[in-house]
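1. Dropping the sequence and predicted coords here.
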Protein chains: 2
Amino acid sequence: MFHDLENAAAGTQVSLAELIENARWNADGLMPAIAQQHDSGEVLMMAWMNAAALRETLQTGQVCYWSRSRQTFWRKGETSGQRQRLIEARLDCDGDTLLLKVEQTGPACHTGRRDCFYIRLSEETGEVDREPLIAPEELYGTPR
Amino acid sequence: MFHDLENAAAGTQVSLAELIENARWNADGLMPAIAQQHDSGEVLMMAWMNAAALRETLQTGQVCYWSRSRQTFWRKGETSGQRQRLIEARLDCDGDTLLLKVEQTGPACHTGRRDCFYIRLSEETGEVDREPLIAPEELYGTPR
């Protein structure tokens, strides 16, 4: 199906059910989802979604991932308040990666940084290039 | 190691070898790598790297992925000319995703579109929202 869409005219539609059925989920039924701040273009984080998390996200407009470590839905910001409101969701050409344009409330990273990509690599080293904006204890320390 | 880096001061360095050893490669020794146009912020594509592809990319400044379908190095643009010059490479907080800021020559997508994320999703449908800038035959049709 994705091969047929490559040359489809702009405006061609397919049902979400068909896309989900044909998408290339991995052996665990998951797909990487890249979260990008919609206006600034910052790449905030990458996490995983299954079909149910994607459907919930599209229906509620609040981003819901699948947590591989906890094996449960991960409604981003439910504990920390660092919610992601969905502006736009896109699937790539071969149906194996999602791009989510979001409005991120506060830092996206569990370390209290705006985004997760704070280790800058060079040929020989990696360097931490930013400190947290907020202590993680402030994000997770008190029950909400 | 990544846990220790969470609260490290800005400027803290670790060797690339140590990062590569501790990074969370998947069962196939791969990690997702997100390519972003460095100045416009466009998310162009997502592909996979193994440690050797990452090292080569950092050393040469030209992005080299690992092709899962062909099981070989994929030096982006080698066939099509659609090269990616590396501006900056970053690793995320838990060491399982790469962000590559690149200078993309021409379209990044094999379909001839600038980026791969041209299927816009809604609650019920997916819609092809752009046609190719260049016919794929022009990119791949003639031997280089």
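-> It's in. Residues are numbered from 1 along each chain as shown, chains lettered A, B, ... in the order given.

2. Enumerate every residue touching the residue lying farthest from the centre of chain A.
-> The C-alpha centroid of chain A is most remote from A:E124, which lies 29.7 Å away (CA atoms, centre = their mean). A:E124 is in contact with B:S15, B:L16, counting by CB atoms under 8 Å, 6 or more residues apart in numbering or on different chains. Quick note: C-beta positions are derived from backbone N, CA and C, even for glycine.

3. Ok, A:R130 next?
-> Applying CB under 8 Å, 6+ apart, the residues near A:R130 are A:R113, A:Y118, B:A10.

4. Okay, now the unreliable bits of chain A?
-> Within chain A, the ranges that satisfy pLDDT under 70 run A:142-144.

5. And the residue of it that's closest to chain B?
-> A:G41 (2.4 Å; CB to the nearest CB).

6. That residue: neighbour count?
-> Per other CB atoms under 10 Å in any protein chain shown, the neighbour tally for A:G41 reads 15.

7. With A:D92 instead?
-> Count around A:D92 with other CB under 10 Å applied: 24.

8. Need phi/psi at it.
-> Here is the backbone geometry of A:D92 (degrees, to the nearest 10): phi -90, psi 180.

9. right, is the longest helix seen in chain A up against chain B?
-> Taking DSSP state H as the criterion, chain A has its longest helix at helix A:51-60. Yes: applying CB under 8 Å from any CB of the partner chain, one finds helix A:51-60 touching chain B at A:L54, A:L58, A:Q59.

10. Report the contact partners of A:P107.
-> A:P107 is in contact with A:Q82, A:R113, A:R114, A:D115, A:P132, A:L133, A:I134, A:L139, counting by CB under 8 Å, 6+ apart.

11. hang on, the earlier thing: let me know the closest of the contacts of A:R130 to B:K101.
-> Nearest to B:K101 out of the contacts of A:R130 is A:Y118 (CB to CB; 13.7 Å).

12. That closest one and A:E127 touch, don't they?
-> No: between A:Y118 and A:E127 there is no contact under CB atoms under 8 Å: 9.2 Å.

13. picking that back up, now the residue farthest from the centre of chain A. Its backbone dihedrals?
-> Per-residue torsions, A:E124: phi -120, psi -20 (degrees, to the nearest 10).

14. From B:V63, how far out is it?
-> Using CB to CB, to the nearest Å, A:E124 is found at 19 Å from B:V63.

15. Repeat that for A:E42.
-> In terms of CB to CB, A:E42 sits 20 Å off from B:V63.

16. Where do the strands of chain A begin and end?
-> A:13-15, A:31-37, A:43-49, A:64-67, A:72-75, A:84-91, A:98-104, A:119-121, A:125-128 (DSSP state E).

17. How many residues are close by A:P132?
-> 18.

18. Which residue, other than its chain neighbours, is closest to it?
-> A:G112 (3.3 Å; CB to CB, 6 or more residues apart in numbering or on different chains).

19. sorry, back to before: hang on, the residue of chain A closest to chain B packs against B:G41?
-> Yes: using CB under 8 Å as the test, A:G41 is close enough to B:G41 to be in contact (2.4 Å).

20. re the thing from before, quick check: phi and psi on the residue nearest to A:P132?
-> Taking degrees, to the nearest 10 as the convention, A:G112 sits at phi 90, psi 10.

21. Do I have it right that it meets A:L133?
-> Yes: judged on CB under 8 Å, A:G112 makes contact with A:L133 at a distance of 5.7 Å.

22. Sounds good, over and out.
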